[in-house]
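Colleague: This is the structure alone, sequence omitted:
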């Protein structure tokens with residue numbers, strides 16, 4: 001089991017930046033997991049944002065955030081980050097961290113393949 005805790009959300013003006021953090025805790029270390037970020041707007045389904053392999057060598061992004069968002073991880077700190085730049089009002093959502101245990105260091109899960117989730121952190125981008 002793993003517990004995921006997001007932080008770093010808040011209110012920012014369009015064009016601004018935020019950096020989200022997700023810290024993993026439990027019997028395993030974060031290096032046992034591929035990690036990802038999702039977001040959800042009320043009344044809509046959860047949307048994949050970015051994913052990163054166990055060792056951080058492979059990343060994958062939704063087209064809507066490519067070139068603006070960067071996912072990274074610091075395994076000694078059991079933390080994954082989402083650096084969000086050039087934010088737009090349509091980026092406003094609750095952002096969730098997700099994880100999947102894997103034995104494969106280069107594996108980045110598909111958007112339906114994560115099985116651990118955090119509670120989410122709100123990001124609001126004002127126009």
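Modeller: Sure thing, it's come through. This one's a predicted model, so the numbers in the text were calculated from it and none came from an experiment. Numbering: from 1, shown residues only.

Colleague: only C-alpha atoms for contact and neighbour calcs from this point on.
Modeller: Noted.

Colleague: Show the low-confidence segments of the protein, by residue range.
Modeller: By pLDDT under 70, the chain contains no weakly predicted segment.

Colleague: hey, where'd the strands end up in it?
Modeller: 2-7, 10-13, 18-26, 33-40, 47-52, 59-61, 69-74, 79-84, 93-101, 116-117, 121-126 (DSSP state E).

Colleague: what sits against the nearest residue to residue 84 once chain neighbours are set aside?
Modeller: In space, and not counting its chain neighbours, residue 84 is closest to residue 69: 4.5 Å by C-alpha to C-alpha, 6 or more residues apart in numbering. Going by C-alpha atoms under 8 Å, 6 or more residues apart in numbering, residue 69 touches 82-85.

Colleague: is it true that residue 30 touches residue 4?
Modeller: No. Using C-alpha atoms under 8 Å, residue 30 is not in contact with residue 4; the gap is 9.9 Å.
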